[in-house]
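S.K.: Next input, structure requested:
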Amino acid sequence: MSEIEKKRRAFKLATQLAKYAWNDFAKSLVEFYNEAGFLTDKQIIAGRNLVTKAQENQWGESSPPLPVTPFKEEEVEPEPVEEPF
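M.R.: Numbering: from 1, shown residues only. From the prediction side, this is the model:
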């Protein structure tokens, strides 16, 4: 998976988690994303599980949701292209 795809995935998840910012774990993941600009694979798995649980149990949403730092593709360094020999 490319760096841009990872950042897109993290941004999308942070946006979903922001609705449940009253939950300390969801809030911590959004805050980490906002500060670091990414989420680790383990954080993404745990965050997806939390979103699934929230949807299944019809958790209430924060109003307004926690702000999420926008993802900008131009800020991601392009991956090096390997030249064939």
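S.K.: for A26, what are its contacts?
M.R.: If you count contacts by CB atoms under 8 Å, 6 or more residues apart in numbering, A26 has them with 17-18, 20, 47, 50, 54. Just so you know, the C-beta spots here come from the backbone N, C-alpha and C atoms, and that holds for glycine as well.
S.K.: Let's see that with 7 Å instead.
M.R.: 17, 20, 50 (CB atoms under 7 Å, 6 or more residues apart in numbering).
S.K.: Top of these by number of neighbours, please.
M.R.: Tallying neighbours with other CB atoms under 10 Å puts L17 at the head of the contacts of A26, with 27 neighbours.
S.K.: one step back: out of the contacts of A26, who's nearest P67?
M.R.: L17 (12.1 Å; CB to CB).
S.K.: How about F11: what's its closest non-neighbour residue?
M.R.: F71 (3.8 Å; CB to CB, 6 or more residues apart in numbering).
S.K.: wait, I meant K53
M.R.: In space, K53 is closest to W59, 7.9 Å off (CB to CB, 6+ apart).
S.K.: The one you found: what secondary structure?
M.R.: When classified by DSSP: H, G, I helix; E, B strand; the rest coil, W59 comes out as coil.
S.K.: thought it was touching Y20?
M.R.: Yes: W59 lies in contact with Y20 (CB atoms under 7 Å); the separation is 5.9 Å.
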